[in-house]
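>>> What shape does this take:
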Amino acid sequence: MTITPNTTGKVVATCQGTSITTSLDGLESISIAKITLNLKNRKGSISIPGVTHNIKPADHPVVGGTGDFLFVQGYVMSSPVDLVGITVTYKIEFHLYWPPYATSYKSSS
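This is a model prediction of the structure:
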């Protein structure tokens, strides 16, 4: 994943997951993804399930996190910006919230 919608943008995350087409027209899929973020001040991953649509925006709940995203709550919105053949490029918006009990800590080893 890059900051800008092209392959030359700065890479800030990687996404691993799967998607299964669930509609007869092929435009909707059930998706499960783990997004690993490597930002300046935050590192870790979030897990999201949901229904992805190839021609309109979709919301996906955040159901788990690791690292700096442990206990994070919120959702991710995916919006298609380019559809070429079977390849879809999405704009991803993160709407994340850290509840008060999710204080960062360092374990000592």
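>>> so where do the strands sit in the protein?
Per DSSP state E, the chain carries strands over the ranges 13-21, 28-38, 43-53, 58-61, 64-67, 73-84, 87-97.
>>> got those strands as CSV, with distance to N6, mean pLDDT and mean neighbour count columns?
Glycine gets a C-beta too; all of them are placed from N, C-alpha and C. Below are the strands of the chain laid out as CSV (distance: least, C-beta to C-beta, whole Å; pLDDT from 0 to 100; neighbours: other C-beta atoms under 10 Å):
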stretch, distance to N6, mean pLDDT, mean neighbour count
strand 13-21, 15, 92, 12
strand 28-38, 19, 94, 17
strand 43-53, 21, 93, 18
strand 58-61, 22, 95, 16
strand 64-67, 27, 92, 16
strand 73-84, 10, 88, 14
strand 87-97, 9, 88, 13
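>>> Tabulate those (JSON lines), appending distance to P5.
Below are those laid out as JSON lines (distance: least, C-beta to C-beta, whole Å):
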{"stretch": "strand 13-21", "distance to P5": "14"}
{"stretch": "strand 28-38", "distance to P5": "16"}
{"stretch": "strand 43-53", "distance to P5": "17"}
{"stretch": "strand 58-61", "distance to P5": "17"}
{"stretch": "strand 64-67", "distance to P5": "25"}
{"stretch": "strand 73-84", "distance to P5": "6"}
{"stretch": "strand 87-97", "distance to P5": "6"}
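>>> between those strands, which gets nearest to T7?
Judged by C-beta to C-beta, the one of these that comes nearest to T7 is strand 87-97, at 9.9 Å.
>>> Show me what the closest one is packed up against.
Counting contacts by 3 or more C-beta pairs under 8 Å, 6 or more residues apart in numbering; DSSP states H and E, strand 87-97 is packed against strand 73-84.
>>> do that again at 10 Å, thanks
strand 13-21, strand 28-38, strand 43-53, strand 58-61, strand 73-84 (3 or more C-beta pairs under 10 Å, 6 or more residues apart in numbering; DSSP states H and E).
>>> who does the longest one pair up with?
The one in question is strand 73-84. strand 58-61 (antiparallel), strand 87-97 (antiparallel) (DSSP bridges).
>>> Format the CA atom coordinates belonging to the longest one as CSV.
Taking Å, rounded to 0.1, in the frame of the first residue of the first chain, the C-alpha atoms of strand 87-97 are listed here in CSV:
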residue,chain,number,x,y,z
THR,A,87,-7.6,-5.6,-11.3
VAL,A,88,-9.2,-3.1,-9.0
THR,A,89,-7.2,-0.2,-7.3
TYR,A,90,-8.7,1.0,-4.0
LYS,A,91,-8.4,4.1,-1.9
ILE,A,92,-8.2,3.0,1.7
GLU,A,93,-9.2,5.4,4.5
PHE,A,94,-8.4,4.4,8.1
HIS,A,95,-10.8,5.6,10.9
LEU,A,96,-9.1,4.4,14.1
TYR,A,97,-9.7,5.2,17.7
